[in-house]
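J.: Following is a predicted model, sequence given first.
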Amino acid sequence: MNPEERLSDALHATLDAARPSPDLEDRIVERVAVVGRRTMRSNVRLGFAGMAALLFVVALVAVAVGLRSNAGPGSAGSSATLAAPIPTSSATASSSPAPAGSLAHFDRDGLAFDYPASWKTSVSGLNMHYITILDFLGTGSGLATCTAITPGPSDKFISSEECGANLTVGAGQVMVELSSQDGPPRGGPIDPNDPSGLDPAGKYVTVGGLPAIFEDSGATLDWTLSVPGDIESRYLIHAEIKGPGEDEMRAEVEALVASIRYDPPVAVLDPSDGPRIAAIGLAKAKANDPSFDCFPSVPGATATATILQFPMYSSLHKPLPVTCTTAIEPVAIGLWKMTLTESWTAASDRSAGSLTTTIWLAPDGTPGETDGGPAPSEMPYWP
Amino acid sequence: MTVIAGRVVLAARSGDAAAFAALVHAETPSAYRLALSIVRSPAEAEDAVQEAFLRAWRDIGSLREAELWPAWFRRLIVRSALDQTRRRPRVREVDLDLASDVPGLEAAVHPADRLELMAAFDQLAADDRAILALRFFSDLEIPDAASALGIPLGTAKSRLHRALGRLRDQMRQEP
């Protein structure tokens, strides 16, 4: 039985018999019954009755917030209870109708763009799991709400509130939700050359000069934007449109996206500066981890060495002669991508192969995220 | 992951709470085990499962195809479990005696070896446990494990290699 089979065996032996608490499923179903669904925001055709209902809910929420703010911190109950939704933002009406075709300017949270001056805007800042809702814009309404939960004595719920965003888009309305996303870890920026980075409905585009992903499902449009200087984070733009007038509203959303600029602007890196940055970055990497010692400080140069460890791997059980190369290139999001490759030839007890490690460097050469590329199918002299 | 009839997913997607409850009952045991493999604490695993289902209920309207449910929900489970480990200090409540309670496997590997292996596994970072569990417990191919983690295929391959290396390192350190 090889080590992987042993691990599989141990995991199954330990976990196959594991069972959750008998009441877990019921507890989940109970909670599901009282939390809202994101689908509330889609395909809601508001007639008069619907709008009246929405206004009633907003009024209830306002009353609940008022009661909450007056009740003070000692008013929380000790048993499991659900409070009314707490709005963290809501649409704010413009002070006066804007002339048709005129534009307003948005410049906040690192993004700047133009949008129809007739649209309403609101600031959210609601921080959810990996996603922070930044703003709502449009002619419908957007509401980021949290439902407060006071756990009871035997309640294992870890959250004190459940949060979500609801867009209400009536006939002839459009809403745009702007969010930022800081996880889960992706290991790299949006790469237009990587087909695995796309869902089937997605395609690579350029927004604000940086790679982005666009998904068009007709009634909804979604853009995933790069974040300058950050390989893990993204901006998310979600737009919902309800006819009549889809073409015009879609053109407005597309014009908004086309006008996007990053503020502050993305750092422009001079490729000719690469050798200096590589030397800085490698020196810092070597100071922290001697397994980087074999890589030459001059990009394009080749060095040979006999190693006992790959970067970030455990030690090998036998010395391995390798050839090491360093490459560096600026990437669009304003970082340097330093690619370190160790390759080895075949021998009687190993196959030829190579291993690549990527270090993302700040404009001044400071190492940031470090990640691996495709690993060889067979690691030589693996413990 | 349990195979769920597509019509149940479709009904849940359309807002049918009873259909979603059926999903909860069908998926909770396997979801719990996957979460437990990552967080290594029964209480945190239950919290992760709850959070994943609540997010699933909130967002299932965005699920384009019913066939995508298993992978989509698995991703929610993994995300919630990893978030649990980042949210607060680790709590160790692992009942390692479970290994010797499972009949039929003792002949393949001595229980003491399993205990040693799982003790080393517990010492790994949550990200390492996640990739190892997806590959060797959920028996996913690496592209599917990469999808569950939301990372590129190449990164998943290198993480898997590194996680195995760190597991071997841990086993050498175990008394």
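T.: Looks like it arrived, so ask away.
J.: which residues are in contact with the strand or helix carrying A:Arg276?
T.: A:Arg276 is part of helix A:274-288 when elements are defined by DSSP states H and E. Residues outside helix A:274-288 that contact it (CB atoms under 8 Å, 6 or more residues apart in numbering or on different chains): A:292-293, A:295, A:297-299, A:326, A:328-330, A:336, A:338, A:359, A:361, A:363-367, A:370. No exception for glycine: its C-beta is placed from N, CA and C like everyone else's.
J.: same thing but at 10 Å, please
T.: Contacts with helix A:274-288, where a contact means CB atoms under 10 Å, 6 or more residues apart in numbering or on different chains, come from A:269-270, A:291-301, A:311, A:326-330, A:336, A:338, A:340, A:357, A:359-368, A:370.
J.: For A:Ala18, see how far away B:Lys157 is.
T.: Going from B:Lys157 to A:Ala18 by CB to CB, to the nearest Å gives 28 Å.
J.: Those two: which is more packed in?
T.: Shown here are B:Lys157 and A:Ala18; by other CB atoms under 10 Å in any protein chain shown, B:Lys157 has more neighbours (21 against 17).
J.: Hmm, that one is touching B:Leu164, no?
T.: No - B:Lys157 is not in contact with B:Leu164 according to CB atoms under 10 Å; the separation is 11.2 Å.
J.: any shared contact partners between these two?
T.: B:Ile131.
J.: one step back: restrict the contacts of helix A:274-288 to contacts with chain B.
T.: Among those, proximity to chain B is found for A:Pro311, A:Thr357 (CB under 10 Å from any CB of the partner chain).
J.: Quick check: ChimeraX command selecting the buried ones in the contacts of helix A:274-288.
T.: Of those, the buried ones go into a single ChimeraX selection, burial set by 16 or more other CB atoms under 10 Å in any protein chain shown:
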select /A:269,291,292,294,295,296,297,299,311,326,327,328,330,336,338,340,357,359,360,361,362,363,365,367,370
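J.: The host helix or strand of A:Thr325: how far from the chain's middle?
T.: According to DSSP H and E, A:Thr325 maps onto strand A:315-331. Distance of strand A:315-331 from its chain centroid, counting by CA atoms, centre = their mean, to the nearest Å, is 31 Å.
J.: So which elements touch it?
T.: helix A:274-288, strand A:302-309, strand A:335-344, strand A:353-361, helix B:153-173 (3 or more CB pairs under 10 Å, 6 or more residues apart in numbering or on different chains; DSSP states H and E).
J.: Direction included, what does the fourth one pair up with?
T.: In the sheet, strand A:353-361 lines up against strand A:335-344 (antiparallel), strand A:367-372 (antiparallel) (DSSP bridges).
J.: And chain B, what are its domain boundaries?
T.: B:1-94, B:96-175 (automatic domain parsing).
J.: and those, which one's lowest on average pLDDT?
T.: Across the domains of chain B, domain B:96-175 has the smallest mean pLDDT, namely a mean of 75.
J.: which stretch among the strands paired with strand A:353-361 comes nearest B:Pro70?
T.: strand A:367-372 (27.4 Å; CB to CB).
J.: on that earlier part again, least reliable of the strands paired with strand A:353-361 by average pLDDT, please.
T.: strand A:367-372 (a mean of 74).
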